[in-house]
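J.: Pasted the sequence and its predicted model underneath.
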Amino acid sequence: MKTQEKDDFIKEAQKKNARFRLVGIFNALGLSSHLSGTNYLREVVLLSVAEREERAPSMKELYFKVAEKFGETPEKVERAIRNAVSVAMTRCKKENFDYVFGRNVFTERIKPTSAELVALLTDKILYER
């Protein structure tokens, strides 16, 4: 196997592992897969993980790339993700968020923004292997 093929194989395996881990995290957080925002959020996090190794991508870039992939507008992607996060916050127990991220993430008044949640999920995927 050539080195380029080997690198591609390793990257693909890491991407599958990240996708698998995200499914478990999303289930623990109460992010329902039937919400389009959950699917968009998964893609945003995977893009963020892939691009974070080179540089830190902006949320606008990520929303634009995901919107392009799904044939939507970046505004719709952002709104759908915000809705999915809001639904998860109301459905899930606070303790689940604390357990998944290992610290106090939100209180009754203060909830993480979509960008903060993407950053938390990206860090969890990258640094907890």
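T.: Happy to help now that I have it. Source: prediction; values computed, not measured. Numbers count the residues shown, from 1 in each chain.
J.: This protein: strands as residue ranges?
T.: Read by DSSP state E, the chain holds no strands at all.
J.: residue boundaries of the helices in it?
T.: Secondary structure of the chain (DSSP state H): helices located at 3-29, 36-52, 59-70, 74-91, 94-101, 114-127.
J.: Tell me which of those is the most buried.
T.: Compared across those, helix 36-52 shows the largest average neighbour count, a mean of 21 (mean count of other C-beta atoms under 10 Å). In short, each C-beta sits where N, CA and C put it, glycine included.
J.: Now that one - C-alpha only, PDB.
T.: Coordinates of each C-alpha in helix 36-52 appear next as PDB, following Å, rounded to 0.1, in the frame of the first residue of the first chain:
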ATOM      1  CA  SER A  36     -32.500  18.400  10.300                       C
ATOM      2  CA  GLY A  37     -30.400  20.600  12.600                       C
ATOM      3  CA  THR A  38     -28.900  17.500  14.200                       C
ATOM      4  CA  ASN A  39     -27.700  16.300  10.800                       C
ATOM      5  CA  TYR A  40     -26.300  19.700  10.000                       C
ATOM      6  CA  LEU A  41     -24.700  19.900  13.400                       C
ATOM      7  CA  ARG A  42     -23.000  16.500  12.900                       C
ATOM      8  CA  GLU A  43     -21.600  17.700   9.500                       C
ATOM      9  CA  VAL A  44     -20.400  21.000  11.000                       C
ATOM     10  CA  VAL A  45     -18.600  19.200  13.800                       C
ATOM     11  CA  LEU A  46     -17.000  16.700  11.400                       C
ATOM     12  CA  LEU A  47     -15.800  19.600   9.200                       C
ATOM     13  CA  SER A  48     -14.600  21.400  12.200                       C
ATOM     14  CA  VAL A  49     -12.600  18.400  13.300                       C
ATOM     15  CA  ALA A  50     -11.100  17.900   9.900                       C
ATOM     16  CA  GLU A  51     -10.200  21.600   9.400                       C
ATOM     17  CA  ARG A  52      -9.000  22.200  13.100                       C
END
